[in-house]
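Engineer: give me a 3D structure for the following:
(4 chains)
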There are 2 protein chains.
Amino acid sequence: MSRASDRAYNQIRNMILSGQLAAGAQIREEHLAETCGVSRTPVRDALRRLEAELFIRRNDSQRTFVADWSLEDLEDAFTLRGMLEGHAAARAAVRISDVQLQALQAENGALRVAVARPAPDVLAFLEHNRRFHAIIVEAAASEKLENLLSRIVEQPVVWRTAQHYDRENLMRSWREHDEILAAFARRDEIWAASVMTGHIRRAFHSYADAHRSDAVVALPVAAE
Amino acid sequence: MSRASDRAYNQIRNMILSGQLAAGAQIREEHLAETCGVSRTPVRDALRRLEAELFIRRNDSQRTFVADWSLEDLEDAFTLRGMLEGHAAARAAVRISDVQLQALQAENGALRVAVARPAPDVLAFLEHNRRFHAIIVEAAASEKLENLLSRIVEQPVVWRTAQHYDRENLMRSWREHDEILAAFARRDEIWAASVMTGHIRRAFHSYADAHRSDAVVALPVAAE
DNA sequence: GAAACTTCTATTGTATACAAAGCGCAAAGG
DNA sequence: CCTTTGCGCTTTGTATACAATAGAAGTTTC
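Structural biologist: Below you'll find the predicted structure:
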């Protein structure tokens, strides 16, 4: 993390997630090097990692752009994530330690607190949600699975659209997490996998709804 | 492909697949740079890609080693591949074009020729097998799925162990491919997915068997 | 004799200069 | 007016020099 390339990686990644680097925008190494206060070498390093994680893509002639996913692309990603995280939940159900179980409960408790207030703290929700899922992947104890999921889970568009999730959706996530915990308590891998896959799938539809209303809001109204 | 970093990537990758760079061996950038006839810069580039694809790994202090997978790791990888390629087959079943179908038939025909002879041509088998699976992934038309699978399919150990597959196993692959083609002809996604997942699973056991006899051969015999 | 500290060396990380390659624009010709 | 070709400029690729760091080995001190 203290290496220049790590700092560049985090900084560029945040710029993409926050929308500071817009989807579809061309990326110039020199420019990012100045922004990050390092030379092009570590920036190139960071860009290769971000490329492997599908945050950015390169065209035929080596120019790089911030990834811009269509709704179909996203459904695709959610489908794959549902499969893989379902599998992770199944493995975790029969492997998870008591410590990890307690950590999951703590995260979901904090998630509920963030969501329950009149104006939900979406940023806190996202963070606790991320950690909740990360603990399960860790408990699944499969390095390859973890590697694959790291390439699917964080998607800039989703991150930004989450700001428009309504509270009911956020509360549903909390309840579904609770059901996953129940499945873990029984060490029931089939139950855990089913709930997890459904949870991800439902989250996709929440996203799609928020995305649609987002688009409506963002577009100028044709007639008054 | 003509860029130095691409050449370095292919060369290093082949050295790993062929066993010229042994599993677990430490990798030195300078040394590879000399071997590939380029400077360290493109070598570093290639190493980052290979790291993302799990061919090599780095320890805490940034030193890199050729990945050395245990049998459990491999079962893990095969399980994931079974899931993902099953999904790919399902998608391909309802999307594949006639041209792609013909290409699949051609590859499987060539595969049979390579296998049918008294001394099977394992290298040709591997190549036609690889192309057969690649066409299906392409027909699935999911960029993310393709990206994930590229990180799972080629495994050095498997590649080397394949030399010891017996002909019966290779013929089975051909027959299973033929059944996948039948499922495609009917556009039956469930059938296609089932056969594909089973095919990968069976391939794992073929590998495990070959691996075991490999180990026996390699070890010195205790008593005569 | 053991432990810790220091120094040395092997290796990776970073900066920078230069090379190569693509893209756009402009000019010329049909 | 459209198309094509060539030139220049922007951007990325590569080499190399230097910096930093981690690991090993040796020495010193208790």
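
Engineer: quick one: stretch A:118-125 to chain centroid distance?
Structural biologist: Stretch A:118-125 sits 16 Å away from the centroid of its parent chain (CA atoms, centre = their mean, to the nearest Å).

Engineer: over to stretch A:12-26?
Structural biologist: That offset, for stretch A:12-26, works out to 15 Å (CA atoms, centre = their mean).

Engineer: buried residues in that stretch?
Structural biologist: Buried residues in stretch A:12-26, defined by neighbour count with 16 or more other CB atoms under 10 Å in any protein chain shown: A:12-13, A:15-17, A:21. (Each C-beta comes from the backbone N, C-alpha and C, glycine too.)

Engineer: over to stretch A:58-70?
Structural biologist: A:64, A:66-67, A:69.

Engineer: please tabulate these in TSV, including the columns secondary structure and distance to B:Glu146.
Structural biologist: Output for the buried residues of stretch A:58-70, formatted as TSV (DSSP: H, G, I helix; E, B strand; the rest coil; distance: CB to CB, whole Å):
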residue	secondary structure	distance to B:Glu146
A:Thr64	strand	19
A:Val66	strand	20
A:Ala67	coil	15
A:Trp69	coil	14
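
Engineer: and those residues, which is closest to DNA strand C?
Structural biologist: Ranked by distance to DNA strand C (CB to the nearest atom of the strand), the buried residues of stretch A:58-70 are led by A:Thr64 at 11.5 Å.

Engineer: just checking, what packs against the helix or strand containing A:Gly109?
Structural biologist: Taking DSSP states H and E as the criterion, A:Gly109 maps to helix A:98-116. When contacts are defined as 3 or more CB pairs under 8 Å, 6 or more residues apart in numbering or on different chains; DSSP states H and E, helix A:98-116 sits against helix A:122-140, helix A:167-185.

Engineer: at 10 Å instead, please
Structural biologist: Under the contact criterion of 3 or more CB pairs under 10 Å, 6 or more residues apart in numbering or on different chains; DSSP states H and E, helix A:98-116 touches helix A:71-93, helix A:122-140, helix A:167-185.

Engineer: among these, which is nearest A:Ala116?
Structural biologist: helix A:167-185 (7.7 Å; CB to CB).

Engineer: next helix or strand past the closest one?
Structural biologist: Per DSSP H and E, helix A:167-185 leads on to helix A:189-218 as the next helix or strand towards the C-terminus.

Engineer: which neighbouring elements make contact with that following helix?
Structural biologist: Counting by 3+ CB pairs under 10 Å, 6+ apart, helix A:189-218 packs on helix A:71-93, helix A:122-140, helix A:156-161, helix A:167-185.

Engineer: run the chain-centre distance for that helix.
Structural biologist: Here the centre of helix A:189-218 is set off from its chain's centre by 12 Å, with CA atoms, centre = their mean.

Engineer: tell me the angle that helix makes with helix A:122-140.
Structural biologist: 150 degrees (axes from the mean of the first three to the mean of the last three CA atoms, to 10 degrees).

Engineer: buried ones in helix A:189-218?
Structural biologist: Neighbour counts over helix A:189-218 (16+ other CB under 10 Å) mark A:189, A:191-197, A:199-200, A:202-204, A:206-207, A:210-211, A:214 as buried.

Engineer: near DNA strand D, from these?
Structural biologist: Contacts with DNA strand D are made by none of those, judged by CB under 7 Å from any atom of the strand.

Engineer: against A:Arg63, how distant is A:Val137?
Structural biologist: According to CB to CB, to the nearest Å, A:Val137 stands 34 Å off from A:Arg63.

Engineer: looking at chain A, which helix or strand is least sure?
Structural biologist: helix A:156-161 (a mean of 73; mean pLDDT, DSSP states H and E).

Engineer: who touches it?
Structural biologist: Residues outside helix A:156-161 that contact it (CB atoms under 10 Å, 6 or more residues apart in numbering or on different chains): A:13, A:15-19, A:21-23, A:55, A:66-71, A:73-74, A:77-78, A:122-123, A:126, A:130, A:155, A:203-204, A:206-215.

Engineer: give the helix, strand or coil label for the residue nearest to the spatial centre of chain A.
Structural biologist: Using CA atoms, centre = their mean, the residue of chain A that lies closest to the mean C-alpha position is A:Glu154, 2.8 Å off. Three-state assignment for A:Glu154 (DSSP: H, G, I helix; E, B strand; the rest coil): coil.
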